[in-house]
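**Q** everything below, folded, please.
(one chain, ligands or ions: 1)
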Amino acid sequence: MDLIIEGLSKTYGNGVKALDNVSLHIPTGMFGLLGPNGAGKSTLMRILATLQEADGGTAVLSGNGASIDVLREKDAVRRTLGYLPQEFGVYPKVNAYEMLDHIALLKGVTVKKERKELVEALLQRVNLWDQRKRKLSGFSGGMKQRFGIAQCLIGEPKLIIVDEPTAGLDPGERNRFYNLLTEIGENVVVILSTHIVQDVKELCRNMAIINKGKVLYAGPPDDSLREIQGKVWEKRIAKSELEGFAAGGRMISNRLVAGEPVIHLLGDERPADGFVAVEPSLEDVFFGAINRSNAQTAAQ
Ligand code: ADP
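**A** Numbers count the residues shown, from 1 in each chain. A predicted model of the protein is given here:
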């Protein structure tokens, strides 16, 4: 299975260009779509999930000798799609079992015995069996997301879209969710949209970085690290120097270590005395790409 997106564009009525000529090749496995808030991730996810129209471009899902035009053959897409949206609305008074049973019925699993087997298997799979009689309103963030995965797996989807799934999860819940995603991502296309670099680092073999509707990088995370090897410079500075470095435009990160700022700059040469070259991280790749693209827009 491959999803091939070419020249996808979307401008909202208020003039915001949410997608600007987006082209991506998304193979089987976990694909991270990484971008800051407002980058256009949800717009792309909603278009692929047939919930929104694009202005132009194509998206084709192909594999096993068949192909689906994602923008036109909406019914066919819906039959093969699992979607976990950012805001996942459920009836709060219903328990997990009843809700999953109801969704399975809506998705066309009409034979009662089949549905029972499916719902039970899914609850086990996402580790919510013990919570099956609990009302969804009492679920934690992590439990809600795992429930979301259970509902999105009904119908054995070949394309799974999860929009910002780990925002708001505590580290334990995030780990459980990661493990679950890794298991389901083996044989299908999973697109994981996120602004959290760690999500991509831990889960994805391929990724794209997007900002302001444009693709800034697409490829394996490891290749992106190689591209900035030897170009990331670190220094512990005084708080009073921070503003000056920030204004310089090359600062890609700034964190506190024992109360003192440690900054990273991106550049071909050592920026100044006291900077040492460090091993690049995916955060460096991400913030470097975003800073560069913001600086380019500002200069236009
Ligand atoms: P992300 O998911 O990466 O945060 P979105 O796709 O939600 O990004 O938004 C991309 C851009 O489009 C943002 O500038 C946002 O304000 C704008 N936008 C999103 N939805 C609408 C809408 N329905 N009408 C107008 N502008 C929108």
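
**Q** Ala104 belongs to a helix?
**A** Yes - counting by DSSP: H, G, I helix; E, B strand; the rest coil, one finds Ala104 located in a helix.

**Q** which residues does the longest helix seen in the chain contact?
**A** Secondary structure of the chain per DSSP state H: the longest helix is helix 282-299. Outside of helix 282-299, the residues within contact range by C-beta atoms under 8 Å, 6 or more residues apart in numbering are 34, 36, 197, 200-201, 209, 211-212, 214, 216-217, 221, 224-225, 227-228, 232, 249-253, 264, 266. The C-beta positions use only the backbone N, C-alpha and C, and glycine is treated the same way.

**Q** out of the residues you listed, list just those in strands.
**A** In strands, defined here by DSSP state E, the members of these are 34, 209, 211, 214, 216-217, 232, 251-253, 264, 266.

**Q** what sits against the residue of the stretch 51-200 of the chain found nearest the ligand?
**A** Relative to the ligand, the nearest point of the stretch 51-200 of the chain is Ser193 (6.7 Å; C-beta to the nearest ligand atom). Applying C-beta under 8 Å, 6+ apart, we find Ser193 in contact with 33, 35, 41-42, 44-45, 161-164.

**Q** pretty sure Leu122 contacts Leu100?
**A** Yes - counting by C-beta atoms under 8 Å, Leu100 is a contact partner of Leu122 at 6.3 Å.

**Q** give the contact list for the nearest residue in space to Arg250 that is not next to it in sequence.
**A** Closest residue to Arg250 apart from its sequence neighbours, by C-beta to C-beta, 6 or more residues apart in numbering: Leu265 at 4.6 Å. Contacts for Leu265 were tallied using C-beta under 8 Å, 6+ apart; they are 232-233, 235, 245, 248, 250-252, 271, 275.

**Q** same thing but 10 Å
**A** Counting by C-beta atoms under 10 Å, 6 or more residues apart in numbering, Leu265 touches 231-235, 245, 248-253, 271-272, 275, 284, 288.

**Q** rewinding a little: settle it for me: which of Leu122 and Leu100 has more neighbours?
**A** Leu100 (26 against 22; other C-beta atoms under 10 Å).

**Q** now do the more buried one, the pLDDT please.
**A** Leu100 is assigned a pLDDT of 94 by the prediction.

**Q** got it, and Tyr91?
**A** pLDDT recorded at Tyr91 is 73.

**Q** name the nearest residue to it, sequence neighbours excluded.
**A** Met99 is the one closest to Tyr91 (C-beta to C-beta, 6+ apart), at 6.5 Å.

**Q** are we agreed that that neighbour is in a strand?
**A** No - under three-state DSSP, Met99 falls outside any strand and is assigned helix.
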